[in-house]
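Visitor: what shape does this take:
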Amino acid sequence: FLRDLFVPLGYKIVVTGHSLGAGTAALAVVQLKEEGFEKVRCVGYATPPCMSRKMALDAGPFVISVSHGDDIIPRTSIRNMKALIVGLGRLHEDYHEESITSFYETLSKNHDESLLTNQLFPEDITVEEGDLYVPGKVVHYVKNGNECSGFLSDGTFASLR
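Guide: As a prediction, this is how the structure comes out:
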């Protein structure tokens with residue numbers, strides 16, 4: 001249907017989505033590429049990790065994933081979920097005699113990079129063979145007050161791991 005409708009007219013197909021829809025759009029575009037569609041691209045917003053490392057890197061020429069600030073969805077890889085569980089367990093052990101309120105107060109007061117890198121996301125969590133990655137080229141942007149900044153990477157970028 002798509003081939004008969006769009007290809008003879010020379011149209012380009014752009015598939016887009018947000019969150020789960022972005023992952024679905026990226027996977028659909030990969031499938032369309034495999035079926036011979038040359039003029040197809042994807043732009044996903046808050047795209048979740050949904051492809052193997054090789055597939056995510058191979059999608060670079062035709063998939064763009066946009067990631068805003070510290071959005072959790074692009075960071076929901078298997079590795080990061082394991083790190084979150086282990087990190088929260090370690091933090092809870094440190095405060096086992098404290099009340100749950102004190103535990104959450106400590107988390108909110110210590111919301112800085114050293115807490116995140118040293119305790120919450122420990123280095124001893126490794127990437128598994130079956131882990132998933134954000135597809136294509138990833139545009140990261142951050143708004144700080146009235147200014148916006150950003151950079152381009154791929155789905156294997158460290159902050160997504």
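Visitor: so Pro135 sits right up against Ser67, yeah?
Guide: No - the pair Pro135 / Ser67 is not scored as a contact, 11.6 Å apart, by CB atoms under 8 Å. Bear in mind the C-beta positions are built from the backbone N, C-alpha and C, glycine included.
Visitor: quick one, which of these two is more surrounded?
Guide: Pro135 (33 against 25; other CB atoms under 10 Å).
Visitor: any idea how far Val86 is from the more buried one?
Guide: For Pro135, the distance to Val86 equals 26 Å [CB to CB, to the nearest Å].
Visitor: please report how far the spatially closest residue to Gly155 that is not a sequence neighbour lies from Phe6.
Guide: Using CB to CB, 6 or more residues apart in numbering and skipping residues adjacent in sequence, the residue nearest Gly155 is Val134, 3.5 Å away. Val134 is 27 Å from Phe6, where distance means CB to CB.
Visitor: neighbour count winner among these two?
Guide: Val134 (33 against 15).
Visitor: residue contacts, that one?
Guide: 47-51, 56, 65, 67, 74, 155, 160 (CB atoms under 8 Å, 6 or more residues apart in numbering).
Visitor: run the last query once more with 6 Å
Guide: 47, 49, 65, 74, 155, 160 (CB atoms under 6 Å, 6 or more residues apart in numbering).
Visitor: no more questions from me, cheers.
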